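[1] predicted model and sequence follow; I will ask about them next.
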Amino acid sequence: MARIAAAIQPDEVQFNTSLRPCLVKPHMPKEMDQIQEHFKGFRVSLVYEKMKPEVKMIDKGEVIKMRGWGVNLKLRWLLWLLCTLRLFIITKAFRKFYI
C-alpha cells in the first residue's frame, strides 16, 4: 500500500480504525504506529491522534424548548382527534344510509 501511495502521491494518508464496538477488532495504537512506519515521507493522519470534540450534556426540557415539541404534541393530538371524529362521523353516516 505504501508503494501505491507513492505512485499516487496523495496530500495526506489517513489511517482509520473503528473506535466504536463492532464485529472486527480495531487496530491498537501500537499497531497503527507500526503501519505508519511504512509511510514515512507522507503527511499522515491517525484516528487516535484526532481530538475528540467536547460534548455538553443538555437536559430534556432544553431540547423541548429548542425543538418546540410541546406545541407539536398538542397539534398532533388535535389532528388525531379531528381525524378520529371525522372517521366516526363518516362511519355513522355510512351505517345510516347503507345498513
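    Everything's here; your move.
[2] where does this structure dip in pLDDT?
    51, 64, 67-72, 90-99 (pLDDT under 70).
[3] tell me, what residue is most central in it?
    R20 (12.8 Å; CA atoms, centre = their mean).
[4] that one: what secondary structure?
    R20 falls in the coil class when you classify it by DSSP: H, G, I helix; E, B strand; the rest coil.
[5] how far away is it from A2?
    27 Å (CB to CB, to the nearest Å). (Glycine included, C-beta is placed from N, CA and C.)
[6] also L78?
    64 Å.
[7] please apply the same query to I89.
    74 Å.
[8] quick check on these two: which one has the bigger neighbour count.
    A2 (14 against 10; other CB atoms under 10 Å).
[9] for the more buried one, which residues are in contact?
    By CB atoms under 8 Å, 6 or more residues apart in numbering, the contact list for A2 reads H38, F39.
[10] mind listing the strands for the chain?
    For the chain, the strands defined by DSSP state E cover 13-15, 44-46.
[11] using a markdown table, please lay out the ones you listed together with mean neighbour count and distance to E54.
    As requested, the strands of the chain are exported to a markdown table (neighbours: other CB atoms under 10 Å; distance: least, CB to CB, whole Å):
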| stretch | mean neighbour count | distance to E54 |
| --- | --- | --- |
| strand 13-15 | 15 | 23 |
| strand 44-46 | 15 | 20 |
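[12] any chance of TSV for these, columns distance to K25?
    Below are these laid out as TSV (distance: least, CB to CB, whole Å):
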stretch	distance to K25
strand 13-15	16
strand 44-46	17
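[13] of all these, which lies closest to I35?
    strand 13-15 (6.2 Å; CB to CB).
[14] partner strands of the closest one, with direction?
    Paired neighbours of strand 13-15 in the sheet (DSSP bridges): strand 44-46 (parallel).
[15] how far away is M57 from A7?
    Using CB to CB, we find M57 at a distance of 47 Å from A7.
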